[in-house]
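In: kindly return the folded structure for what I paste below:
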Amino acid sequence: FGVVFLPWKGMTEQQMRGHFRLMQTLGFHNLKQVLGSADWPAERIMEVAVEEGLIPFWYGEAGWEAITPELLTRLGIAATTSKSELRRHPKMIAYQMGVIRRGIRNDSGRPFLGDDKDDTASFRHTPDPFVHKEDVPRFQKWLRSNYASPDEINQSWNLYEVRIGPPPFKSWEDVDRAVEMLSREPDNLSGYGREYGRVRDLLRYKAESRARQVEESSLRMNALVPEAPTRTGGEMGLFLPFAWRATNMELLANTQTATGSFYPSIHFAWHFGEVNYEVARTIYMQSSLSADLFKGGWTGAWESTGGPQQTSGAKGWNYEQNSTIPGFTVNAGTITQLFLSYLAGGFKGVGVWSWNYRRAGIEGGEYALVDRQLRPSDRAVRAGQIAQAAERLRDEIWQAHKEPYVGVLYNWDSDAIWAAISIRGREGFRHYPMEARVGVSRTLINANVPWEHVTPTDIARGLALRYKVIYLPAQVALTQKLLHDLLEYTRQGGRVVIDAPGAWYDEHGLVLNTGAGSPFEQLFGAEITDFQYSSNVPRLLNSHRLSGFILAVHPTTAEVLSRFQTSEPAVLENRVGKGSAAIITWDASHACFRPGQAEMESRLSKALLGSLASPYACDGAVVYRLAAPAADHYFFINDGEARKVLLDTKKYRYEGIEDPVTREKLRAGDAIALEAYSGRWLRCRKR
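Out: Take a look at the predicted model:
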């Protein structure tokens, strides 16, 4: 855990050293970052930090040199020295501080993205689904490398379908002319957004080019400074319509496999507008998505909010965000929710923006751990306590992993088709898949069902059987490959659940075949006959009126478990080999996007899980669990007034229970006291 230090006009060296000592007293041993000023160059601030015993860099700029047997021999340290002893060994500390000092001197000479003049570095990424003039030659080249012939493009761009233009391509010259024309086509009914396959390809070209650019830059940086892990992710939350923005976060994460880490920036006022400024549950959704897209990789919140915000959010994408105040209280309880949700989601560390506040302009007086008088606030003290506990249990936390029951599908191809649908003035559609994922995630969080995001790439690599259920929220586009993989998964005992408006198109924007004998019908035991909408003809579940997409289906082998008042099927289930597949014919996940939909969440949870039950239970609080070899870690989030709750660990049995932050000992079955609008962390030692 590290913090950002910001110098201020008139700051003395004594004041700065006092803050560096205070940081260490509270539990912070490195700076996430520093910013220089006219009076205090960044290099000098970092030198003072080193003198005070702080590592002055964040994760992506420098770290310790790898501790190898050769290094131990060179320093005269016994090879049998434990990890914990090595971290405190005077010779090791002195040597590594020398490495850090060299890093301070070398920092200005390191390469950054775009420095080289090769083809990849000169690519200019534009976060939208449009062909810009500078994209024309690159997109033409990309098409030649991804398609064997112009006729393959005809198929993918649906050029043989009625009123889809231009005429089918006969040569690569025809393709080149069409791409050049795309850069001039209007965004209207008969223009750019009429066909979805070419939009999806344009988004793929940009996303893949950006990922390749980041990977090559990371490899260059790593070759020059191997002890400095690289990073990607960015100055963004994770509720944005990334497919629309021509960005594939899974590809970006995987660029760091060999050299570094994947991270989001998490600031309430900047990054939570898309979820209506909700906090307690959405923190975990963000951290979980990051870790889940980089399974087995290194993820962290390398820039996390540290204090209250009301005026400084500046990324409103629509009228609602621009006409409301993104106001938040950040106290000890909020910091607890942040940090515990990060740990529970799979993050390996946190960088906090910031230790102290800027004194002028945007963010002036906001975001800081210390208060406006530069004294430790309650949130600073709590942040330090959690940081100390995490540091003490670092190796165990880094070994911990989720044990999910449900995999929530994150499918970039489907999101790209939603983006294409949204081009012609239907902006809400580009946000729809995110809102559906939030809805099913909320449902699982509130039911204390362990889950994680899963991608088609994960499934293709054989990860499907990690989950008892794979849920497909608002999957408007599905590939035949994915359907075949899911069919095999159910035959082996898995359960697949889809809701409306799933299975509308394939990945090219062609209406998906769901008829008899199709992979869809084999999996779900039903044909989709139409897509309807509960509006002028309402559908009711008991007395609850639905408002959203409806799948009209014809059961073939599936059993109808429930019906609307119209007698149309509402939930169907099909037995497939050792497993099952279910269709929820309303937009169940999207209906739970906003808080307070208890009835809809209950219906979704029942249809999703079938006969399954969560492996632990806790009424009155959200609980996340990580499993490590020696202990299980439970993270409680209380989004209400102070209360006491009971945790039922069911089949899990433990020798002892401790709060790592307060060091309080508990016994199995004890009531667990939870602070209002806060959280708590329990470590349960395995027998």
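In: who are the packing partners of the longest helix along the chain?
Out: Longest helix of the chain, by residue count under DSSP state H: helix 196-224. Using 3 or more Cβ pairs under 8 Å, 6 or more residues apart in numbering; DSSP states H and E as the contact definition, the elements that helix 196-224 packs against are helix 136-146, helix 150-156, strand 230-234, helix 249-254, helix 412-421. The C-beta positions use only the backbone N, C-alpha and C, and glycine is treated the same way.
In: phi, psi for Ala477 please.
Out: Here the main-chain torsion angles of Ala477 (degrees, to the nearest 10) amount to phi -130, psi 130.
In: quick check: it vs Glu452, distance?
Out: 22 Å (Cβ to Cβ, to the nearest Å).
In: tell me where the stretch 51-200 of the chain has helices.
Out: According to DSSP state H, counting those that start in this stretch, the stretch 51-200 of the chain carries its helices in the segments 69-75, 83-88, 90-106, 136-146, 150-156, 172-182, 196-224.
In: helices or strands up against the third one?
Out: This means helix 90-106. Using 3+ Cβ pairs under 8 Å, 6+ apart as the contact test, the elements touching helix 90-106 are helix 42-51, helix 69-75.
In: can you tell me which of those helices is packed in deepest?
Out: helix 42-51 (a mean of 18; mean count of other Cβ atoms under 10 Å).
In: show me the shaky parts of the protein.
Out: For the chain, the stretches flagged by pLDDT under 70 are 58-62, 106-121, 186-191, 314.
In: at 80 what do you get?
Out: Under the criterion of pLDDT under 80, the regions of the chain flagged as low confidence span 57-63, 103, 105-122, 186-193, 225, 227-228, 234-236, 313-317, 425.
In: skipping its backbone neighbours, what lies nearest Asn446 in space?
Out: Taking Cβ to Cβ, 6 or more residues apart in numbering as the measure, Asn446 lies nearest to Glu601, with 6.0 Å between them; neighbours along the chain are not counted.
In: contacting residues around the one you found?
Out: Taking Cβ atoms under 8 Å, 6 or more residues apart in numbering as the contact definition, Glu601 lies against Arg442, Thr443, Asn446, Ala447, Cys592.
In: I'd guess it is in a helix, am I close?
Out: Yes: under the criterion used here (DSSP: H, G, I helix; E, B strand; the rest coil), Glu601 sits inside a helix.
In: distance of it from Gly610?
Out: From Glu601 over to Gly610 (counting by Cβ to Cβ), the distance is 16 Å.
In: and what of Val179?
Out: Between Val179 and Gly610 the distance, using Cβ to Cβ, works out to 48 Å.
In: what's the answer for Gln155, then?
Out: For Gln155, the distance to Gly610 equals 38 Å [Cβ to Cβ].
In: swap in Leu541?
Out: When distances are taken as Cβ to Cβ, Leu541 and Gly610 turn out to be 18 Å apart.
In: same thing with Tyr196?
Out: If you go by Cβ to Cβ, the gap between Tyr196 and Gly610 works out to 34 Å.
In: now the helices for the stretch 401-550 of the chain?
Out: Chain-ordered helices for the stretch 401-550 of the chain, with DSSP H, counting those that start in this stretch as the definition, fall at 412-421, 428-446, 456-460, 480-491, 519-524.
In: next one: the shortest one to chain centre, how far?
Out: Here the centre of helix 456-460 is set off from its chain's centre by 17 Å, with Cα atoms, centre = their mean, to the nearest Å.
In: now do stretch 247-255
Out: 11 Å.
In: list the contacts of it.
Out: Residues lying outside stretch 247-255 but in contact with it, judged by Cβ under 8 Å, 6+ apart, are 127, 204, 206-208, 210-211, 214-215, 218, 232-233, 238, 242, 262, 289-290, 293-294, 297, 299, 410, 412, 455, 457.
In: can you check stretch 370-386 too?
Out: Contacting residues not belonging to stretch 370-386 are listed as 1, 19, 22, 25-28, 306-307, 330-332, 334-336, 339-340, 352, 355-357, 365, 369, 661-662, 681 [Cβ under 8 Å, 6+ apart].
In: buried subset of those, written for ChimeraX?
Out: Provided next is the ChimeraX selection string for whichever of the contacts of stretch 370-386 are buried by 16 or more other Cβ atoms under 10 Å:
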select :1,19,22,26,27,28,306,307,330,332,334,335,336,339,340,352,355,356,357,365,369,661,681
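In: so which of the contacts of stretch 370-386 belong to helices?
Out: Members of the contacts of stretch 370-386 lying in helices (criterion: DSSP H): His19, Leu22, Thr25, Leu26, Ala332, Thr334, Ile335, Thr336, Phe339, Leu340.
In: how about the residue nearest the centre of the chain, nearest residue that isn't a chain neighbour?
Out: The chain has Leu289 as the residue nearest its centroid, 2.5 Å off, counting by Cα atoms, centre = their mean. Nearest non-adjacent residue to Leu289, counting by Cβ to Cβ, 6+ apart: Leu238, 4.9 Å away.
In: SS state for the one you found?
Out: When states are read from three-state DSSP, the local structure at Leu238 comes out as coil.
In: just confirm it contacts Ser265, I think it does.
Out: No: judged on Cβ atoms under 8 Å, Leu238 makes no contact with Ser265 at a distance of 9.5 Å.
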